[in-house]
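Visitor: I need the structure of the sequence given here:
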Amino acid sequence: MILPGVRVFAPGAVVLHGAPTESAGYVLDGRVMVTVRVPVRIRELTVAFQTARGGRWGRLQLPSRLHRRTAAANSDGSDYDRNSEHVELHSRLYGDSRGPDEEGEEELPRGRHEFLFRIELPGDLVETMFTAHKRVAYEVRADLALGGALGGALGGALGGALGGGLSGARRWASQAVAVKRVPFFGPAWEFLASDMVHVSAVWRNRIEMCALGCSRVQRDDQPLRVKGVVRALEKGFRLTRIGFLLEERTRSRVGHAPATSSSTIAASRYVRAGEHGGWCDSPIVDQMAFDVELQIPKAYGKIQYDVKHGPVTVSHRLAFVVAVVDRHGRGTCLRLFTPLHIMPRDCAGSEDELPTYTAALADRVLLSAGAVAAESPPQCLGRVDAQ
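Guide: Sure, this is the predicted structure:
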């Protein structure tokens, strides 16, 4: 028997604007295409926005809405997982003439049949992320329940023989959907997005470091161009290494337990010895400047977008790294940090159309972080063992 084919088409990303209390009402539009080669009897066709397999949780709190089913998932005994939930928002596309508890079948004729759907999403969805602490992923899944002979034992036999895409008397298809939260548009966010990195610090009145040239708001999968300047305030220092790192910091808060955090290097770029002339292991005379291009990875791989809400938060900072050796042969590695914000293309797409930001909760957190970085001197500076 020739079975019908099912395909689902939906946006690959959902962008929620503002804090969870402000972003309710987003409508996810899409369509399901069913290709029938011979007439077939079906019980129903449903579509669902749900947590993808392996996703730990998908919501910050449990709402009360129609056609929603939640269940604890992947509990490992921790307070965090006992409070986690599985998102599943349903909509019936075919067979909706019957009541929710009625059973029956309808014949779907030969041809291609397109079913449009609209699913309203809650505003407190946790953002998609793949970190060492937690994994959150979503998908849109369409399920076609077959009737007739396939509804009985034959359907179970075919399901076992054909595997993926056919489960008993069902045909299904799914598409991954990423959920991201961005700030509202407004003058405050526009000011922050147009702010250029320009930070400097002095180490023990001996070495001055300065990083400048790029916007604090960056998008993934693009080059980050920045300049580093090193100036020796004392004679006898030689430069042995210079470059930039993009660090991702993840913080997890689970119940009443102490918060845990971790950091990873999402990208790095060091100046090679043959670049910018003969700088390596040569004395620092006056000041030396280096133009560096650091490639930001694509999101959900080596790097995540900034996450300001929920039990797991993600932030980023740029580090200007300088290694020097003094006249006595003692080596020191210095790092100058400044915050960056990695946002989707909708929010940091181009410098001509910078987004704006209103007084949402996440906005105030982001703006206050930028204000602290601007008002307080950067913390540079760690030292390694002498060489």
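Visitor: neighbours of Val230, how many?
Guide: Neighbourhood size, Val230 [other Cβ atoms under 10 Å]: 21. No exception for glycine: its C-beta is placed from N, CA and C like everyone else's.
Visitor: name the helix or strand for it, please.
Guide: strand 222-232 (DSSP states H and E).
Visitor: by how many degrees do the next helix or strand after that strand and strand 222-232 diverge?
Guide: The helix or strand immediately downstream of strand 222-232 is strand 238-252, counting by DSSP H and E. On the basis of axes from the mean of the first three to the mean of the last three Cα atoms, to 10 degrees, strand 238-252 is oriented at 130 degrees to strand 222-232.
Visitor: give the partner strands of strand 238-252 in its sheet and their orientations.
Guide: strand 260-270 (antiparallel), strand 282-283 (antiparallel), strand 312-325 (antiparallel) (DSSP bridges).
Visitor: what mean pLDDT does the second one get?
Guide: The predicted model assigns strand 282-283 a mean pLDDT of 85.
Visitor: follow-up on the earlier one: restricting to C-alpha, output the strand holding Val230 in CSV.
Guide: This file holds the C-alpha atoms of strand 222-232, laid out as CSV (Å, rounded to 0.1, in the frame of the first residue of the first chain):
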residue,chain,number,x,y,z
GLN,A,222,30.2,37.1,11.2
PRO,A,223,33.7,38.6,11.6
LEU,A,224,34.4,40.8,14.6
ARG,A,225,36.9,43.5,13.7
VAL,A,226,38.8,45.1,16.6
LYS,A,227,42.0,46.9,17.3
GLY,A,228,44.5,46.3,20.1
VAL,A,229,47.1,48.9,21.2
VAL,A,230,50.0,48.1,23.6
ARG,A,231,52.2,50.8,25.1
ALA,A,232,55.2,50.3,27.4
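Visitor: related to what we said a few turns ago, any chance of the strands paired with strand 238-252 in TSV, plus mean neighbour count and distance to Gln50?
Guide: Listed next are the strands paired with strand 238-252 as TSV, based on neighbours: other Cβ atoms under 10 Å; distance: least, Cβ to Cβ, whole Å:
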stretch	mean neighbour count	distance to Gln50
strand 260-270	14	28
strand 282-283	12	60
strand 312-325	21	20
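Visitor: for this structure, give me the ranges with low pLDDT.
Guide: 1, 53-85, 96-104, 148-168, 185-189, 255, 346-387 (pLDDT under 70).
Visitor: what about the helices in the stretch 251-387 of the chain?
Guide: 345-348, 361-375 (DSSP state H, counting those that start in this stretch).
Visitor: follow-up on the earlier one: got the contact list for the strand holding Val230?
Guide: With Cβ atoms under 8 Å, 6 or more residues apart in numbering as the test, strand 222-232 has contacts from 197, 206-214, 218, 239, 242, 244, 246, 267, 283-296, 318, 320, 322, 324.
Visitor: buried members of those into ChimeraX, please.
Guide: The buried residues among the contacts of strand 222-232 can be selected in ChimeraX (16 or more other Cβ atoms under 10 Å) with this line:
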select :197,206,207,209,210,211,212,214,218,239,242,244,246,267,284,288,290,292,294,296,318,320,322,324
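Visitor: report how many residues lie close to Gly301.
Guide: Neighbour count for Gly301, taken as other Cβ under 10 Å: 11.
Visitor: and the gap between it and Arg269?
Guide: From Gly301 across to Arg269, the span is 17 Å (Cβ to Cβ, to the nearest Å).
Visitor: what's the spacing between Leu125 and Gly236?
Guide: For Leu125 relative to Gly236 (Cβ to Cβ), the value is 57 Å.
Visitor: ok, the two, which is more surrounded?
Guide: Leu125 (26 against 13).
Visitor: quick check: the more buried one touching Leu89?
Guide: No: when contacts are counted by Cβ atoms under 8 Å, Leu125 is not listed as touching Leu89 (10.1 Å).
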